[in-house]
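Peer 1: 3D model of this:
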Amino acid sequence: MEVPVEPEWEAPTADEMRARRLNRLAAQTNSAPQNPTPRVQPPPESPKKPTISDAPLKRGLSSPLKNPPASHRLRTLSGPQSVNRVRTANEILSSLFNAHVEFLQSLNENDWMKQPICDCEEELLAETITAILMRELYYLSQNDSTDAAAALSNNAIYSPPTSKFANGLLYLVKCHQRCSTLIAEGSPAEQKCGHATRQLIVSHFVLVFSGFLGVDSKVSFGELFGRLMLSQSLSEGLLPAVLEELNEHGKELFDEILTDALNVIRIASEVTSSASEYAASPSTCLANLVQFVLPGTKIRPVVSLLVQREDWLVTETESNLVACEMACKSYLGSFLSFGVSDDPDILASFTNLEDINHKVRSHIAKNLLLRLEIPRQNFFIIIEGILKNGDPAVQSREKMVSWLAEMAQVNLKRAGLMANEGQLAPLSMVLNIMHVLQQMSSKIATSKIDEKYIFRKTCRTKPLNDTTIASNNTDLEKFSSSLPESESKFPTECFWLTVLYHHICLSSWGRQKMVEVKFMVGGDGYFELPLPDQQPPEWSNFFECFIEDFIEFSIFISRQSLTAMVVIFKEHPEFVEFITISATSPSYYRNPYLVAKFIELIFNLHPSHNTANDPICFNGIVQHEFSKKRLAPVLMKFYSDVEQTGASSEFYDKFSIRHHIQVILMTMWKDPYYQEQIVSIAESSPEFVRLVNMLINDTTFLLDEAICSLRKIHEIQEEMKSAAWASMDEEQKSEKERTLMSEERQVTSYLTLATKTLQTFGELTKVIQKPFLKPELADRLVAMLNINLKQLSGAKARELKVENKQKYNWKPEQMLFLLAELYLNLQSASFIDFVAKEERSYSPELFTEAVQTMTKNASPNGKSLPKVALRHSELQEDEEDFEDAPDEYLDPIMGTLMDDPVLLPLSGMVMDRGNIMRHLLNTESDPFNRQPMTAADLQDQPELKAKIEEYRASKKK
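Peer 2: Purely as a prediction, here's the structure:
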């Protein structure tokens, strides 16, 4: 036979108790009093009556019986003791409520108060508790203390309120906390009493909010509620219980109390500095409110109220500072603007960071990040709670996504180079939003993302710069129009919002970037190679700025933390593939600047450049299967193609980009596989000739600029040491000093790049000579060598002596050695002929002076240079006079006798092959009409060539 289960008793509400008391009084008035049957009290189980302290009892034995065993443990000052009795109702109520002594004494006259708590009638106990609470609340409400509203402008807002009803509410909070202690450490009967008492406390909390004891004209109940949360006065579990009771009391009262409470919390977030110890309190309070869910539903009533506020998203602004004003006036703006990077109170404490060592700076940075940790956790809870609200009447998810999209759109200018901070939302706000979205996106699988959403007409996450990777605006519009309308789901919009916020503020490296890579390559990071010649429309129409964001931050990480890059390389092979394929597929990018960024990343991973001198990441790219097939030829071709990057500083950018390529190529050159590949390209591909041509151009420019700067530095330093310097006025001195500083900044860069270029020449010419001796290259190469050899040896070298040359990385002995090495690597009969024929800088004394200088510096490279002087004298003896040559035998531009005449079909002009090939290496066009033309278009002129050879032979007779 089954024993019926006794239903769980619930304490009546304060309204119900009040109604019962009124009915009982009415019944006593209309009927004669009856003598109640006295209740027989059980005798005490032990004559010893221990003194019970105010300390709570430990948890009692778990038992389904209403009357628990009499033996349980009591915690005293001397430690746990065995007690053979159960506390009476009087003892329990005295410890819970701490009411007035007179009132408790009057209650003690009732015999039932002296009974064990387990033997008391539940309804009688509830009536007594209600009477105690109402009496205390009434007396406390008569004490009108200070004006709580006056404290909203400073940190006093985080102190417990002291207004007319504040003391009563704080009394209820303390009673609730004692009940929690009783539940945690009391016997089963005491725990049951504690649960019922807590329900009554919550009911009286709401009773006060309903105005049963009156209202306070100085401060509303909602403001008090907000102050109680900000001061952390509410005990554990009280907030959700009060919210649930408020909701059951009616929507009108709930909305009234919570609206005022939300206002107070917002004011607190606005007046509290990021440096304050209470900086995280407002967001913590809001997060606690947002987390409240009605039992048995997915509805979050505070969220429903929040998203319907007039200040939820303020789009109607009164000034042209739309983004700034929206952030200030919208409810969440003041919370999300919390930060340490733009708070003057915090920055004022770190004005002398330059004087602090690296370890201290690192410690400061970690502490600042810890200051952000709790607020950012709160921001995630708040935004996630709004998105999860299941109230269909308000559609809070849509409103939250719209809020994020709108805030991103008005702050898109922040992604520009010249963003006006005063017109935009605080950077900390955008960073905090991005941090929250980052956490959400990291959990999204790429299969749930609509890769075409960014192209759809309904997309809310498009960037301000609509430049695409490879298509034009017409193609983009056509592709967008061809896509069918589709309802966007949250994972898709969340991902693309994250990408957009990364574009706006570019921070917080993490898994999100890996997700972007996986999305862009399609699927799980596996590429289908080789890439098709026709680019997919999803790629060609993709926004270029997103790729630029990705590679820019990858470069940043490579500079700051090689350890992080090693982790990325190991855990995300798709990252390595994407970098490698992008660097070796420049045709997939219309903008060469983007390709150059991928090359710069590889350069940053070079062991000679990264601080750890670790080749693991660099080798991961260079030794990749796809790199071995394409990297070397692509780098050599890109070296020539990078003449124009599209940037305003493209003239100077190209030298940095080519420096990166030189470092990478020379490292690959040491690998036998790559060296064999480069030699094969040099023997068969015209791209190598273009590479050499650009090397000559760069070396000529860099050495010329470096020598000019050194000469100016030498002149100013000598002038500053002379007596005339003291007679100059201050303005003249300042002008000279500014010129000196400008030249010093430039010369170091020029010398570094020039030295590396000459080293590249030296490595290549040790193995490869034939391409360097082509007529279109040899003349210019020897002219560059001769003029710089002349500058670095003899009397002219004295003009380049500067003080503290190590400061500028100026090593004239090394530079002279590198030049001599080129002469020796290329020495052959034809090369010596080219050198000796050069008339601009060559003289018989040139190599004599160079040999003397190198001998003085103990350089071994001067031993073969005298051969050139001997050959020069031989050529002078053989030189013939061609001044009477017919015009058709002369090159129309250079005016020299042609060796190999060719016809330019577009203009009909005839030029010497060496001269026109030299021109085509720089610009593939007809020099007479600028029409596109390549070397393949040139037409041989064998008859004219025979006539010229016959004319030259006749002159030798």
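Peer 1: Verify the stated contact: Asn389 with Val302.
Peer 2: No - using C-beta atoms under 8 Å, Asn389 makes no contact with Val302, being 9.0 Å away. Any C-beta I mention is one placed from the backbone N, CA and C, and that applies to glycine too.
Peer 1: any idea how far Met694 is from Asn922?
Peer 2: Per C-beta to C-beta, to the nearest Å, Asn922 is found 9 Å from Met694.
Peer 1: More neighbours: which of those two?
Peer 2: Met694 (21 against 13; other C-beta atoms under 10 Å).
Peer 1: That one contacts Ser640, correct?
Peer 2: Yes - look at Met694 against Ser640 with C-beta under 8 Å: they come within range, at 5.1 Å.
Peer 1: Report pLDDT for the closest residue to Val767 other than its chain neighbours.
Peer 2: Distances taken as C-beta to C-beta, 6 or more residues apart in numbering place Val679 nearest to Val767, at 6.2 Å, with adjacent residues excluded. On the pLDDT scale, Val679 is placed at 93.
Peer 1: Do I have it right that Val679 meets Gln769?
Peer 2: No - applying C-beta under 8 Å, one finds Val679 not in contact with Gln769, separated by 11.0 Å.
Peer 1: which secondary element of this protein has the worst mean pLDDT?
Peer 2: When each helix and strand of the chain is scored by mean pLDDT, DSSP states H and E, strand 72-76 comes last, with a mean of 39.
Peer 1: next structured bit after the longest helix along the chain?
Peer 2: Assignment by DSSP state H gives helix 730-767 as the longest helix of the chain. Heading C-terminal from helix 730-767, the first helix or strand you meet, by DSSP states H and E, is helix 775-792.
Peer 1: who does that following helix touch, helix- and strand-wise?
Peer 2: Other helices and strands packing on helix 775-792, by 3 or more C-beta pairs under 8 Å, 6 or more residues apart in numbering; DSSP states H and E, are helix 686-721, helix 812-825, helix 829-837, helix 844-856, helix 913-922.
Peer 1: Thr284 is in what secondary structure piece?
Peer 2: Using DSSP H and E, Thr284 sits within helix 281-290.
Peer 1: residues of that helix that come out buried?
Peer 2: 281-290 (16 or more other C-beta atoms under 10 Å).
Peer 1: May I have that helix as PDB, with CA atoms only?
Peer 2: Coordinates of the C-alpha atoms in helix 281-290 are reproduced here as PDB (Å, rounded to 0.1, in the frame of the first residue of the first chain):
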ATOM      1  CA  SER A 281      29.200  47.400 -11.000                       C
ATOM      2  CA  PRO A 282      26.700  48.900 -13.500                       C
ATOM      3  CA  SER A 283      27.300  46.300 -16.100                       C
ATOM      4  CA  THR A 284      27.200  43.600 -13.500                       C
ATOM      5  CA  CYS A 285      23.700  44.800 -12.300                       C
ATOM      6  CA  LEU A 286      22.400  45.000 -15.900                       C
ATOM      7  CA  ALA A 287      23.800  41.500 -16.600                       C
ATOM      8  CA  ASN A 288      22.000  40.100 -13.500                       C
ATOM      9  CA  LEU A 289      18.700  41.700 -14.700                       C
ATOM     10  CA  VAL A 290      19.000  40.500 -18.200                       C
END
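Peer 1: Please name the nearest non-neighbouring residue to Leu238.
Peer 2: In space, and not counting its chain neighbours, Leu238 is closest to His176: 5.1 Å by C-beta to C-beta, 6+ apart.
Peer 1: hmm, back to that, can I get the buried residues of helix 281-290 in TSV including distance to Phe550 and pLDDT?
Peer 2: What follows is the buried residues of helix 281-290, written out as TSV (distance: C-beta to C-beta, whole Å; pLDDT from 0 to 100):
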residue	distance to Phe550	pLDDT
Ser281	37	94
Pro282	35	95
Ser283	31	95
Thr284	35	95
Cys285	38	96
Leu286	34	96
Ala287	32	96
Asn288	37	96
Leu289	38	96
Val290	33	96
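Peer 1: Out of those, which is nearest to Lys801?
Peer 2: Ser283 (65.0 Å; C-beta to C-beta).
Peer 1: ok, that closest one - contacts?
Peer 2: Residues in contact with Ser283, defined by C-beta atoms under 8 Å, 6 or more residues apart in numbering, are 269, 335, 338, 375, 378-379, 382.
Peer 1: do Gln791 as well
Peer 2: By C-beta under 8 Å, 6+ apart, the neighbours of Gln791 are 703, 707, 797, 800.
Peer 1: just to revisit the earlier point, which of the helices and strands packed on helix 775-792 sits closest to Gly237?
Peer 2: Smallest distance to Gly237 across these (C-beta to C-beta): 73.5 Å, for helix 686-721.
Peer 1: tell me which residues in that closest one are buried?
Peer 2: Residues 687-707, 709-716, 720 are the ones in helix 686-721 that count as buried (16+ other C-beta under 10 Å).
Peer 1: a strand runs through Thr162, doesn't it?
Peer 2: No - according to DSSP: H, G, I helix; E, B strand; the rest coil, Thr162 belongs to no strand; its state is coil.
Peer 1: Got the phi and psi for it?
Peer 2: In terms of degrees, to the nearest 10, the main-chain angles of Thr162 are phi -130, psi 40.
Peer 1: Next, count neighbours for it.
Peer 2: What Thr162 shows, counting by other C-beta under 10 Å, is a neighbour count of 16.
Peer 1: How much space separates it from Lys570?
Peer 2: 60 Å.
Peer 1: same question, Leu124
Peer 2: Distance from Leu124 to Lys570, by C-beta to C-beta: 71 Å.
Peer 1: if we can go back for a sec, could I get the helices and strands packed on helix 775-792 as JSON lines with distance to Val208?
Peer 2: JSON lines is the format used below for those (distance: least, C-beta to C-beta, whole Å):
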{"stretch": "helix 686-721", "distance to Val208": "82"}
{"stretch": "helix 812-825", "distance to Val208": "87"}
{"stretch": "helix 829-837", "distance to Val208": "102"}
{"stretch": "helix 844-856", "distance to Val208": "99"}
{"stretch": "helix 913-922", "distance to Val208": "87"}
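Peer 1: can you redo the ones you listed as CSV with distance to Leu605 and mean pLDDT?
Peer 2: Formatted as CSV, those follow (distance: least, C-beta to C-beta, whole Å; pLDDT from 0 to 100):
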stretch, distance to Leu605, mean pLDDT
helix 686-721, 23, 90
helix 812-825, 27, 87
helix 829-837, 38, 81
helix 844-856, 37, 76
helix 913-922, 32, 82
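Peer 1: Nearest to Lys114, out of the ones you listed?
Peer 2: Counting by C-beta to C-beta, Lys114 lies closest to helix 686-721 out of the helices and strands packed on helix 775-792; the figure is 103.0 Å.
Peer 1: Hey, what's the angle from the closest one to helix 812-825? Just curious.
Peer 2: Taking axes from the mean of the first three to the mean of the last three C-alpha atoms, to 10 degrees, one finds helix 686-721 and helix 812-825 inclined to each other by 150 degrees.
Peer 1: Need the residues that contact the helix or strand that comes right after helix 686-721.
Peer 2: Under the assignment DSSP H and E, the closest C-terminal helix or strand after helix 686-721 is helix 724-727. Helix 724-727 is contacted by residues 719, 733 when judged by C-beta under 8 Å, 6+ apart.
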